Each structure stands twice: as structure tokens, then as C-alpha cells.
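1. 3D model of this:
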Amino acid sequence: MLPSLLVFATVIGAVLCGTVSQPQISALQALYMSTNGDAWTWKLNYTEFGIPWNFTDASPCRDLWQGVTCTFNCSVLPESDILDIELTNYSMVGTIPTVLVQLTELVNLGLAENGIYG
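-> You can find the predicted model right below:
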């Protein structure tokens, strides 16, 4: 019974590693919505820059979303925190939502060369 329990724990850990909390997902979604995310200009080299944001199965750290840098220490804690958002020159237009305060570990918010106001 012990080997199957170990396999189950390993699979669960692999699924959780790189996930972020729902408040962090909500903060990213608010940023996306308040800055016309559907019209952002994504970098085309996904291997180098990551993938465009996708809120259907939201996992910005595990899926390596463009412009998002996270903590990764899955041996200590499977959940990740968003440390950095760097979206310079992504054709963003709108305001920065106050809900970004939910990104408690955020150390950099790079939104230069966009149409951000307010």
C-alpha cells in the first residue's frame, strides 16, 4: 500500500507545483480586463517569452505566461507567488486595478510604453 500512496502524493505534488492562489489569478484577470487584454500585442517567440495569458485553465506560473515571473520552490511549498510582471510595450490601454494589492510578493510591475493612466 505504501508505494501507491507515494505515487499518489508525487502526482498530486506535480499537479500543484507552480499553481498560484485564486486571489493572484483574480488580480491578473483584473489587470487583463482593465487594460483591454484582448488587444495586447503578444511576443511571438513563445519559447523565449512564454505563452499569452489564458484564464480558461489559469496557471500563470506553471504554464509560463508572458511577462510573469514566479517563485518556484516546489520541494518546500507547491504553490507559487507572482514576483514580477513585465509587460513593457504590450499595447495595453486602461487603468491599473487596485486589486493588484493581492499580489503580496510582487516586487516589480513593469508597464512602460503602454497607454496606462489613472
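2. quick one: neighbours of Thr47, just the number.
-> Using other Cβ atoms under 10 Å, Thr47 is surrounded by 7 other residues. Any C-beta I mention is one placed from the backbone N, CA and C, and that applies to glycine too.
3. so it is in which element?
-> helix 46-49 (DSSP states H and E).
4. contact partners of that helix?
-> For helix 46-49, contacts defined as Cβ atoms under 8 Å, 6 or more residues apart in numbering pick out 42-43, 66-67.
5. alpha carbons of that helix, as PDB, please.
-> Extracted in PDB, the C-alpha atoms of helix 46-49 (Å, rounded to 0.1, in the frame of the first residue of the first chain):
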ATOM      1  CA  TYR A  46       6.700  31.600 -27.100                       C
ATOM      2  CA  THR A  47       9.800  29.500 -26.300                       C
ATOM      3  CA  GLU A  48      11.600  32.600 -25.200                       C
ATOM      4  CA  PHE A  49       8.800  34.800 -23.800                       C
END
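6. helix or strand right after it?
-> Using DSSP H and E, the first helix or strand after helix 46-49 is strand 68-70.
7. and that following strand, what does it pack against?
-> Counting contacts by 3 or more Cβ pairs under 8 Å, 6 or more residues apart in numbering; DSSP states H and E, strand 68-70 is packed against strand 82-86.
8. run through the residues that contact Gly67.
-> Counting by Cβ under 8 Å, 6+ apart, Gly67 has contacts 49-50, 85-87, 90, 110.
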